[in-house]
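Visitor: Here is a sequence together with a model predicted from it:
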Amino acid sequence: AQSVTQLDSHVSVSEGTPVLLRCNYSSSYSPSLFWYVQHPNKGLQLLLKYTSAATLVKGINGFEAEFKKSETSFHLTKPSAHMSDAAEYFCVVSLEYGNKLVFGAGTILRVKS
Amino acid sequence: EAQVTQNPRYLITVTGKKLTVTCSQNMNHEYMSWYRQDPGLGLRQIYYSMNVEVTDKGDVPEGYKVSRKEKRNFPLILESPSPNQTSLYFCASSLQGRTDTQYFGPGTRLTVL
């Protein structure tokens, strides 16, 4: 079975400090992995995706994620948080069979001034 | 402007009264899908469609129907809504399938009394 676990439901950081949002997945094969962001009262927007190319993936707004097969992780990072980063973030894995996507439960990022 | 639109954005209804939530995309995408978002559960896929007249169940299809008669439209039908279908619903589309960037609509907040 394939699934995705976001290890923190809430993360709080101060503006200007690093952001780390953790995601672990379980998959029998090399998956495609995504991070999406949802700002309040908005739809979801793609931040970045991994599809078996470079293991370090750069996304929009200064975010990046590293695919680590040995740890089955795909953690999202940003060197310096901005107030506008406050949102909910979803780690997503695509299944090898069918045409489904599985979403993590989400991590709410709070940025303090 | 490339976009996915959903209507209505907000709906309050009563148990058993049939309703349809429309979804339309103007990007000529093959793949469309419906999700429901509930607190602590992330997004769960209801149905998806690979192309016109091709639809398949996601993880939580019970109580929902869909149709794909035209490439651009993918309506979600609740024949007999129940209170446990109170949720936030998102339609999404992508060029061909699960590994492509998903473009999400703005969401429909449904309350079933």
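Guide: Yes, it's here. Numbers count the residues shown, from 1 in each chain, chains lettered A, B, ... in the order given.

Visitor: Pairing-wise in the sheet, spell out the partners of the residue positioned nearest the centre of chain B.
Guide: With distances taken as Cα atoms, centre = their mean, residue B:34 lies nearest the centre of chain B, 3.0 Å away. Beta-bridge pairing for residue B:34 (DSSP bridges): residue B:47, residue B:91.

Visitor: Isn't it up against residue B:65?
Guide: No. Using Cβ atoms under 8 Å, residue B:34 makes no contact with residue B:65, being 10.5 Å away. From N, CA and C alone the C-beta is placed, and that goes for glycine too.

Visitor: what residues are shared contacts of those two?
Guide: Common contacts of residue B:34 and residue B:65 (Cβ atoms under 8 Å, 6 or more residues apart in numbering or on different chains): residue B:76.

Visitor: I'd like to know which residues of chain B are adjacent to chain A.
Guide: Within chain B, the positions adjacent to chain A are B:4, B:31, B:33, B:35, B:40-45, B:48, B:50, B:56, B:58-59, B:90, B:92, B:97-99, B:101-102, B:104-107 by Cβ under 8 Å from any Cβ of the partner chain.

Visitor: Sort out which of those residues are in strands and list them.
Guide: Mapping these onto strands (DSSP state E) picks out B:4, B:31, B:33, B:35, B:42-45, B:48, B:50, B:56, B:90, B:92, B:104.

Visitor: Taking these, tell me the two that lie furthest apart.
Guide: Comparing every pair within those by Cβ to Cβ identifies B:42 and B:50 as the most remote, at 22.8 Å.
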